[in-house]
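Sequence first, predicted model second:
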Amino acid sequence: MFSDILLWISGQPLFAALFSIMMNVGVAITGVLPSAFITVGTIAVFDLNWGLFILIIGEAAGAVVSFVLYRKGISRLFSIFPKIKNKDNKFLLKLKNAEGTTAFFIVILLRILPFVPSGAVTLTAAFSKMGLLSFSLASTFGKIPALIIEAYTISEALKLKTEFQIGIILFVSVFFLLYLIWKRRVN
């Protein structure tokens, strides 16, 4: 079935590109969903170069749309829940109080770091003094290295035989479950 969908979408490149971009925007708005599946589909349909280009556009569009929506919703959110605070991440707290060049480089750093959720960066930037243009540029520049690594890895994984792909999925799933178990025991 997946191959049938890929075959149909491959014949509709404009639709596929717009769909990928819109999915990235949706993921960015939620702030918690992973975009790896969008990357897999986009790379499978468009190959590495065009897929990466479309993914960068999607990530940038998602960051801009979510930034604008978060900024509009922040005053309402804080009027309903006045005690909401960011986690005690020192970079997020610095970003909240930063502006100008400092905020620009903090966003780039936070986007490059793999374990900082994109939604947390966008939300923090939205209630900082940072402007939309500087946020969108910093967010895009910071996300490009991670997207290159992710897209290249997925591109190479898609070239593997099905047995190896299934093995990788099982390995990652087991590793993730072990991580969740360990995290629960630590907490």
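Okay, I see it.

Show me the helices in the protein, by range?
2-10, 13-30, 36-80, 90-97, 100-112, 118-126, 132-158, 162-186 (DSSP state H).

Val27: what's it in contact with?
Counting by Cβ atoms under 8 Å, 6 or more residues apart in numbering, Val27 touches 33-35, 38, 62. For glycine as for every other residue, the C-beta is placed from the backbone atoms N, C-alpha and C.

CSV please, covering the helices of the chain and showing mean pLDDT.
CSV is the format used below for these (pLDDT from 0 to 100):
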stretch, mean pLDDT
helix 2-10, 72
helix 13-30, 93
helix 36-80, 89
helix 90-97, 70
helix 100-112, 88
helix 118-126, 87
helix 132-158, 92
helix 162-186, 88
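
winner for burial among those helices?
Of the helices of the chain, the one with the most neighbours on average (mean count of other Cβ atoms under 10 Å) is helix 118-126, at a mean of 24.

what's the angle between that one and helix 36-80?
Angle, helix 118-126 to helix 36-80, by axes from the mean of the first three to the mean of the last three Cα atoms, to 10 degrees: 40 degrees.

quick check: angle from helix 118-126 to helix 132-158?
170 degrees.

elements contacting helix 118-126?
Applying 3 or more Cβ pairs under 8 Å, 6 or more residues apart in numbering; DSSP states H and E, one finds that helix 118-126 contacts helix 13-30, helix 36-80, helix 90-97, helix 100-112, helix 132-158.

can you tell which of those is closest to Thr122?
Nearest of those to Thr122, taken as Cβ to Cβ: helix 36-80 at 5.0 Å.

And the closest one, what does it pack against?
Contact here means 3+ Cβ pairs under 8 Å, 6+ apart; on that basis helix 36-80 packs against helix 2-10, helix 13-30, helix 118-126, helix 132-158.

can you tell me which of these comes nearest to Phe175?
The closest of those to Phe175 is helix 132-158. By Cβ to Cβ, the value is 15.1 Å.

who are the neighbours in contact with the nearest residue to Phe104 once chain neighbours are set aside?
Once flanking residues are discounted, Phe104 sits nearest to Ala138: 4.6 Å by Cβ to Cβ, 6 or more residues apart in numbering. Shown in contact with Ala138 (Cβ under 8 Å, 6+ apart): 103-105, 107-108, 111.

could you redo the last one with a cut-off of 6 Å?
Residues in contact with Ala138 (Cβ atoms under 6 Å, 6 or more residues apart in numbering) are 104, 107-108.

Present the residues you listed as CSV; the columns should include distance to Ile5.
Listed next are these as CSV, based on distance: Cβ to Cβ, whole Å:
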residue, distance to Ile5
Phe104, 40
Val107, 35
Ile108, 36
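
State the distance from Val164 to Leu158.
Actually, residue 164 is Phe rather than Val. Between Phe164 and Leu158 the computed distance is 11 Å (Cβ to Cβ, to the nearest Å).
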